[in-house]
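*Asks:* predicted structure and sequence below. I'll ask about it afterward.
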Amino acid sequence: MRRDIKERLLADKRAAAEQVDAARAEHAEGTLTAELLRERLFWYVLAKFGLEATEAPDRSLEALAEESLAKALRTDPDRVLEAERPATCDGARSVDTKQALLVMALQREFGVVLDGLRAGLADTTDELADLVFSALEAQGDGSRK
């Protein structure tokens, strides 16, 4: 059982890294488009959250985080919200914390700095991808062909 969990976590980590590596290479080549990054980031989030495409309710960051927590807890996503009581003094929910950690990982792995407020207010993987795309474009490393 533990071995299976470890293998799954490593596979998810590799899958997320593959999306980052591909997007960074495409950016360096000047072939990365906003639409392509939206797709890559969606698959990145699924990998980071340990979800399969069939488990993704939509591209909502909150829904994906809820689904991920439900999967980890082996419960229904609706029960995650019902049972959750903020354990931190600032009242942050596990879903919010998961999303904040995702933004931090994105910044580190893509080598960008995102506006924390805008990233925190992003509702979908597409909105988050657009922020990452803008940050990559601002770096000027990718030349448009």
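*Replies:* Sure, I can see it.
*Asks:* ok, how many other residues are close to Asp126?
*Replies:* By the criterion of other CB atoms under 10 Å, Asp126 has 17 neighbours. Where you see a C-beta, it was placed from the backbone N, CA and C, and this is true even at glycine.
*Asks:* does it touch Glu39 like I think?
*Replies:* No. Between Asp126 and Glu39 there is no contact under CB atoms under 8 Å: 9.3 Å.
*Asks:* and Ala22, what is it in contact with?
*Replies:* Arg40 (CB atoms under 8 Å, 6 or more residues apart in numbering).
*Asks:* quick one, what contacts Glu7?
*Replies:* No contacts exist for Glu7 under CB under 8 Å, 6+ apart.
*Asks:* what residue ranges in this protein score low on pLDDT?
*Replies:* Judged by pLDDT under 70, the chain has its weakly predicted residues at 1, 76-91, 141-145.
*Asks:* host element of the residue nearest the centre of it?
*Replies:* The residue lying closest to the centre of the chain (CA atoms, centre = their mean) is Val45, at 3.1 Å. Val45 is part of helix 34-48, with elements assigned from DSSP states H and E.
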